[in-house]
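*Asks:* turn this into a structure:
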Amino acid sequence: MSNLRTSDSAIIDQNGAYAIVLAYERGFMINAYTGYLWSKIGPNPNSGLLIKAGVGFLQHKIRIEHNKNPVPALSDEYLYGYDRLTNGINFTEFIGYQLLSNSRLLNFFAGFEFTQGFTQSRRDWNFNEYKKDETKRKDYLYGIRVGWILPLYKRAPREVYY
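*Replies:* Below is the predicted model of the structure:
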C-alpha cells in the first residue's frame, strides 16, 4: 500500500484523519499424501519411523482490515489490487516417528515437515506497483509437526472359537 501512504508513512481516511489499517496473512494448503512406516524400531507394527510425501495446492494472500476508518482506496472493489493473492502447486515431505502404544493410551506422531510451493500471482494488476505481477515464486514452509492420534480399530478377540 505504498502508493496510499503520506510522507510520514500514514494512510489518510475519507475524513482526513489517520486511518488504522491492519494487514494479516491468510492462506491454506490442501494435500494428498502417501507414506511408509518402517516398524523395525517400534513396539508394534503400527509404530516406527514415518516417511510421507504429498502433492497439493497452496494459496496465500494479505488480508487488509480498516474497519474503524473508511478508506475509499481500500473499498471492496479496489482491495483486490492490494491483497497479492498467490497460489499454485506444492510438494510436501515429512520424516518423523509414529507411536501407537499397545495399551492405546499414548498415540502420537512428531517430525519435521518441509513444503515447497511453486506459485504465482492471480491478480490482474498490483495497484502499488502499477503493473501486473508475472513473477514465478518459490514459497518454502518448514517446521515441526506434532499430532495426537485417536485409533479406531477393534480389539482382537481374546479367545479363539472353532
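
*Asks:* measure Ile144 to Gln116 for me?
*Replies:* To Gln116, Ile144 is 17 Å away according to C-beta to C-beta, to the nearest Å. For the C-beta atoms, the positions are set from N, CA and C on the backbone; glycine is no exception.

*Asks:* more crowded one of the two?
*Replies:* Shown here are Ile144 and Gln116; by other C-beta atoms under 10 Å, Gln116 has more neighbours (15 against 9).

*Asks:* beta partners of that one?
*Replies:* Phe91, Tyr140 (DSSP bridges).

*Asks:* OK, contacts around it?
*Replies:* Contact partners of Gln116, counting by C-beta atoms under 8 Å, 6 or more residues apart in numbering, are Asn90, Phe91, Thr92, Lys138, Asp139, Tyr140.

*Asks:* looking at this protein, which helix or strand is least sure?
*Replies:* Within the chain, no helix or strand scores below helix 76-79, which has a mean of 73 by mean pLDDT, DSSP states H and E.

*Asks:* which regions of this structure lie under the pLDDT threshold?
*Replies:* Within the chain, the stretches with pLDDT under 70 are 1-3, 129, 153, 155-157.

*Asks:* and with 90 instead?
*Replies:* Residue ranges of the chain with pLDDT under 90: 1-24, 39-46, 61-85, 100-106, 121-136, 150-162.

*Asks:* now do the residue positioned nearest the centre of the chain against Asn46, distance only.
*Replies:* Centroid-nearest residue in the chain, with C-alpha atoms, centre = their mean: Phe28, separated by 4.3 Å. Going from Phe28 to Asn46 by C-beta to C-beta gives 30 Å.

*Asks:* do Phe112 as well
*Replies:* 21 Å.
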